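A.B. asks: return atomic coordinates for the entry below.
(one chain, ligands or ions: 1)
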Amino acid sequence: MARRSSRACAAMATAAVFALLAATATATASGLVRLEHPAKSDGSLSLLVVGDWGRKGTYNQSRVAEQMGKVGEKLNIDFVISTGDNFYEDGLTGVDDQAFEESFTDIYTAKSLQKPWYLVLGNHDYRGDVLAQLSPVLRKIDQRFICMRSFIVNTEIVDFFFIDTTPFQLKYWNRPKDHHYDWRGVAPRQKYIANLLKDMDVAMKKSTAKWKIAVGHHTMRSVSDHGDTKELLQLLLPVLKVNGIDFYINGHDHCLEHISSRDSPIQYFTSGGGSKAWRGVLQPNSDKLQFFYDGQGFMSLQINQDQADFIFYDVSGNILYKWSKSKPNYLQPSTYITEA
Ligand SMILES: *[C@@H]1O[C@H](CO)[C@@H](O)[C@H](O)[C@H]1NC(C)=O
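C.D. replies: Sure, this is the predicted structure:
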């Protein structure tokens, strides 16, 4: 098992970080991949989160991208997280689909965004050739694109648990309407979900990072168009709760939201404003709505041992909302316990 990389790696050039990623990627027996991405030398980490974006620049995608570039520069970001629905309407047709360049490479052109992008799949991605979107061949076209079904990124202070949420939602299986979902490697649903939850639970239990963040495409709690995803509340939330996950970050609803759970410390953040937005729907739920913005934008997260700072921005780069959580300091080496 690869040992933790030294802090000095944080100072390495981007190319070297990519090489490092490749060298330290390890997988559990069932295929859950773990990547290491060292924090900055001062132990902090900054990143941007965007979701629901791939529309060849339209619906303000390019404006959001431009502001992400500026904020990314200012915060000296380490990487970008995509909460899925990377390519509309129906994912990629293959590894040679021009949409990959037209919606990704040619849009997120700022220097500060030339960092690894960790991406999950959304339901729209599942309507295309999923194996193409997951293919490492895409990295030959644009080396930033690190898209996997479910995986872990270990940054020393934070463990990020990326979760493939589309297979959870029953209606895509039972009532696909005229859409075709690419379930290769996923069906049968129940077995896939059971294995995924078991692997996540084991990985979360082994994690001793100070912060634990789960990322998925679908909403857990949302006051917008799609609302809550009841399969995730039933099946995934208990695993997050029992393992002390601090934040769940998602897209799917095309807006920006912060909701606090009333019965656990978990905070829900929706960053799904990467392109088409303005649904005009607001349906309160029983959790505590802290912030809701129906338009386009994105989120930043700056985090160190003691504090996590979240900020939402609109298409002009205006700060819409800020929220911080601090954790009392306790000294614990944030190593990831590896299997014998
Ligand atoms: C682009 O953003 C502006 C400012 O928020 C908004 O007024 C406009 O409706 C947006 N355009 C689209 C197509 O959503």
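
A.B. asks: what does the stretch 151-300 of the chain have sitting close to the ligand?
C.D. replies: Residues of the stretch 151-300 of the chain lying close to the ligand (CB under 6 Å from any ligand atom) are 277, 278, 295, 296. C-beta coordinates here come from the backbone N, C-alpha and C atoms, glycine included.

A.B. asks: where exactly do the helices run in the stretch 151-300 of the chain?
C.D. replies: 170-174, 189-206, 230-235, 237-242 (DSSP state H, counting those that start in this stretch).

A.B. asks: got a list of contacts for the shortest one?
C.D. replies: Under the criterion CB atoms under 8 Å, 6 or more residues apart in numbering, residues 123, 126, 166, 167, 179, 181, 183, 189, 231 lie in contact with helix 170-174.

A.B. asks: tell me the mean pLDDT over that helix?
C.D. replies: Averaging pLDDT along helix 170-174 yields 97.

A.B. asks: try stretch 256-271
C.D. replies: Mean predicted confidence for stretch 256-271 is 96.

A.B. asks: partners of residue 152 in the sheet?
C.D. replies: On the basis of DSSP bridges, residue 152 is bridged to residue 34, residue 161.

A.B. asks: that one touches residue 206, doesn't it?
C.D. replies: No: contact criterion CB atoms under 8 Å: residue 152 and residue 206 do not qualify, at 9.8 Å.

A.B. asks: please say which of those two ends up with more neighbours.
C.D. replies: Per other CB atoms under 10 Å, whichever of residue 152 and residue 206 has more neighbours is residue 152, with 24 against 15.

A.B. asks: which ones are touching the more buried one?
C.D. replies: If you count contacts by CB under 8 Å, 6+ apart, then residue 152 has 32, 33, 34, 35, 159, 160, 161, 162, 203 around it.

A.B. asks: relative to the ligand, how far out is the second one?
C.D. replies: To the ligand, residue 33 is 36 Å away according to CB to the nearest ligand atom, to the nearest Å.

A.B. asks: contacts only, for the residue lying closest to that residue once chain neighbours are set aside.
C.D. replies: Counting by CB to CB, 6 or more residues apart in numbering, residue 151 is the residue found nearest to residue 33 once chain neighbours are left out, at 4.3 Å. Residues counted as contacts of residue 151 (CB under 8 Å, 6+ apart) are 32, 33, 34, 35, 118, 162.

A.B. asks: out of the residues you listed, which is nearest to the ligand?
C.D. replies: residue 118 (26.3 Å; CB to the nearest ligand atom).

A.B. asks: so which strand or helix has the closest one?
C.D. replies: Using DSSP states H and E, residue 118 maps to strand 117-119.

A.B. asks: and the spatially closest residue to residue 153 that is not a sequence neighbour, what pLDDT?
C.D. replies: Nearest non-adjacent residue to residue 153, counting by CB to CB, 6+ apart: residue 160, 4.3 Å away. Looking at residue 160, its pLDDT stands at 98.

A.B. asks: what distance do you get for residue 160 to residue 68?
C.D. replies: Going from residue 160 to residue 68 by CB to CB, to the nearest Å gives 19 Å.

A.B. asks: the more surrounded of the two?
C.D. replies: Just comparing residue 160 and residue 68: by other CB under 10 Å the higher neighbour count belongs to residue 68, 28 against 24.

A.B. asks: next one: phi and psi at that one?
C.D. replies: When read as degrees, to the nearest 10, the backbone of residue 68 gives phi -60, psi -40.

A.B. asks: right, and it touches residue 297 too?
C.D. replies: No: using CB under 8 Å, residue 68 is not in contact with residue 297, being 9.5 Å away.

A.B. asks: for the residue of the chain found nearest the ligand, list the residues it contacts.
C.D. replies: Nearest to the ligand, among the residues of the chain, is residue 60, at 3.9 Å (CB to the nearest ligand atom). Each residue near residue 60 by CB under 8 Å, 6+ apart is listed here: 275, 277, 296, 315.

A.B. asks: how about residue 282: what's its closest non-neighbour residue?
C.D. replies: Nearest non-adjacent residue to residue 282, counting by CB to CB, 6+ apart: residue 223, 5.6 Å away.
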